[in-house]
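[1] Predicted model follows, preceded by the sequence.
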Amino acid sequence: MSNVLVLVLSSRREPWGDLMDVSLATWDADPHPDVQTLYYCAHGSNQLIRDNVRYSAMEDSLENISPRTLEAFGWALELPDWKYLARPNSSCYVHKGNLAKHCDTLPETDVLRGAWAGGDSANPSVGFLWGGGQYIISRDVVERMVKAGAGWKNGLMDDEAITDCAKGVGISMNQGCVFATIDDQFEGKWLCMCYGLGEPFTFTDFADLKKADGHFFFRVKQDHNRRLDEKLMRELKKNLP
């Protein structure tokens, strides 16, 4: 029985199509007894046919990300047994073992973990749970969001829509989060920022990624060169135990 469902916001358009392929070849290449994965994509060409990839009838556009996310929450609930939904996006490397261990420490209900942006999480009238920090959501909260779906605001980006919907069903906005980001500092230097666990560090040797002990979400998005996202996923695969 899987304890965690990793529901990955994905696309078969570039550069996200290649990122999805690299995810499948790196962090999602090895099965874990407590973790299953489901990728959700929009309608379009270059479809990859796999049991754990679902395609929407909606077209691949920025405006459709929010309604596709609500749709994917419904798909997730069709799968039995999982207690927690981890919702990364395509530029996130997931360490399954650490994720499963972390979820074992969480309450079974009323869980919504994410990074707050744009304001103070103690005052949820300002700001939102930023999608780049990824999410962990307990099954009961996903069920309540889907049930309240008629009020889901498709005009918002999905992280703002998730925040708005969570407010509407009475979920706390200040539960905190654990995630790391890896940023290119150029000339062979990198910065790993650690949130919720450990301290930030700079490195030139990818073997130093072991310092991010216990982390399970690694944001690898490099806006100036998206091919570096793929490189970082491969380096994480090689260097994280």
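    The structure has been received and is ready for your questions.
[2] How about the backbone phi and psi for the residue with the largest distance to the centre of the chain?
    Relative to the C-alpha centroid of the chain, counting by CA atoms, centre = their mean, residue 187 is the outermost residue, at 28.8 Å. Per-residue torsions, residue 187: phi 60, psi 40 (degrees, to the nearest 10).
[3] Give me the pLDDT value at it.
    Predicted confidence (pLDDT) at residue 187: the value is 95.
[4] Same question for residue 2.
    59.
[5] Next: the one 4 residues further on.
    Per-residue pLDDT puts residue 6 at 98.
[6] got the contact list for it?
    Contacts were defined as CB atoms under 8 Å, 6 or more residues apart in numbering; by that measure residue 6 touches 28, 35-38, 86, 88, 94, 96, 99. All C-beta atoms are positioned from the backbone trio N, CA, C, and that covers glycine.
[7] Tell me the spacing between the closest residue in space to residue 125 that isn't next to it in sequence and residue 130.
    Beyond its immediate neighbours in the sequence, the residue positioned closest to residue 125 (CB to CB, 6 or more residues apart in numbering) is residue 119, lying 7.9 Å away. When CB to CB, to the nearest Å is applied, the distance between residue 119 and residue 130 equals 11 Å.
[8] May I have the residues that are in contact with the residue nearest the centre of the chain?
    Ranked by distance to the mean C-alpha position of the chain (CA atoms, centre = their mean), the top residue is residue 88 at 1.0 Å. The neighbours of residue 88, taking CB under 8 Å, 6+ apart as the test, are 6, 8-9, 94, 134, 217.
[9] From the residues you listed, which land in strands?
    Using DSSP state E, the members of these that fall within strands are 6, 8-9, 94, 217.
[10] Turn the buried ones among the residues you listed into a named PyMOL selection, would you?
    Selection of buried members from the ones in strands among the contacts of residue 88 for PyMOL, criterion 16 or more other CB atoms under 10 Å:
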select buried, resi 6+8+9+94+217
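[11] Could you check which helix or strand contains residue 161?
    Assigned by DSSP states H and E, residue 161 belongs to helix 158-168.
[12] what lines up beside the next helix or strand after that helix in the sheet?
    Following the chain from helix 158-168 toward its C-terminal end, the next helix or strand by DSSP H and E is strand 179-186. Looking at strand 179-186 with DSSP bridges, its paired strands and their directions are strand 189-195 (antiparallel), strand 217-219 (parallel).
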